[in-house]
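Enquirer: give me the fold of what follows.
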Amino acid sequence: MDNLNGKIALVTGGARGLGEAICANLHEAGATVIAADIRSDLLEGAASRYGERFQPLVLDICDEGAVASAIAQIKEEHGRLDVLVNNAGTDKTVSIEELSVFEWDQVIGVNLRGPFVMSKFSLPVMREQGGGYIINIVSTAAKRAWANASAYHASKWGLLGFSHALHVEGRPQNIKVTAVVTGGMRTPFLLDRFPDIDVSTLQDPANVAQTVRFLLNQPAETVIPEVMVLPMKETSWP
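Expert: Okay, the predicted model is just below:
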């Protein structure tokens, strides 16, 4: 996928943070970018910034019917789907005792069930067209653990395992799959919840977006199943 001109890329959680950075990078590379997000207000703002070849899509990735309809619509309108980036994510920063069952289900639903549903309905389109690329945005939370993030850890460890399983199933169909394990980034996901965080220890989400673009530019005969992208000053990882 050396040339992204004419390629169709779908990015979940694409209205802000890392998702928007990925959309911006792929848009710059010539792809038609479909930014899916549950926040219509944020999507409108992003659409006004990018204009041509940027399509906002209001989508709840936990809604199986809505996802099936969205993928069918993309195929009908564009005839193909070359790239799926499962980026949407959420968290609830409380202890296991304080975490409600509803909140657990919500985090698992967005972070793990969502990528499964998105991939499930994208795979037939990619198989029919002869190939494609699915990128799952994971986290160092899939490699270690800290307090008050049990659902987030469970979802990201699960997403890493799902990504590798998807890689095994996708390869015979010329569908590449990569898990991008990210360290801390200067995005609302962290900054809104932890206003006192030292931003100097975080990386620009544009750097991770550049890694996504790098993956898409690998030779056809090569796939990178997993890659970790850390800020240089991250102290919680060896």
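Enquirer: show me what counts as buried in the helix or strand of the chain with the lowest mean pLDDT.
Expert: Ranked by mean pLDDT, DSSP states H and E, the helix or strand of the chain with the weakest confidence is helix 188-191, at a mean of 76. Neighbour counts using 16 or more other C-beta atoms under 10 Å place 189-190 of helix 188-191 among the buried residues. (C-beta placed from N, C-alpha, C; glycine too.)
Enquirer: now do it: everything it contacts.
Expert: By C-beta atoms under 8 Å, 6 or more residues apart in numbering, the surrounding residues in contact with helix 188-191 are 16-18, 89, 91, 184, 197, 199, 202.
Enquirer: what's the longest helix in the protein?
Expert: For the chain, the longest helix by residue count, based on DSSP state H, is helix 150-170.
Enquirer: show me what contacts the spatially most central residue of the chain?
Expert: When the chain is reduced to its mean C-alpha position, the closest residue under C-alpha atoms, centre = their mean turns out to be residue 87, at 1.8 Å. Contact analysis of residue 87 by C-beta under 8 Å, 6+ apart lists 11-14, 18-19, 22, 137.
Enquirer: which pLDDT value goes with it?
Expert: Here, the pLDDT recorded for residue 87 equals 97.
Enquirer: residue 224 now?
Expert: Residue 224 carries a pLDDT value of 98.
Enquirer: kindly report the same for residue 234.
Expert: Reported pLDDT for residue 234: 76.
Enquirer: that one touches residue 183, doesn't it?
Expert: Yes - with contacts counted by C-beta atoms under 8 Å, residue 234 reaches residue 183, the gap being 4.7 Å.
Enquirer: who's more crowded, those two?
Expert: Between residue 234 and residue 183, counted using other C-beta atoms under 10 Å, the more crowded position is residue 183 (19 against 13).
Enquirer: with adjacent residues omitted, what lies nearest to that one?
Expert: The spatially closest residue to residue 183, leaving aside those adjacent along the chain, is residue 230, at 3.7 Å (C-beta to C-beta, 6 or more residues apart in numbering).
Enquirer: residues in contact with the one you found?
Expert: Taking C-beta under 8 Å, 6+ apart, one finds 140, 182-183, 203, 237 in contact with residue 230.
Enquirer: quick one: buried ones out of the contacts of residue 87?
Expert: Neighbour-count burial (16+ other C-beta under 10 Å) applied to the contacts of residue 87 gives 11-14, 18-19, 22, 137.
Enquirer: tell me which of these fall in strands.
Expert: 11-12, 137 (DSSP state E).
Enquirer: straight-line length of stretch 7-16, end to end?
Expert: In terms of C-alpha to C-alpha, to the nearest Å, the two terminal residues of stretch 7-16 are separated by 22 Å.
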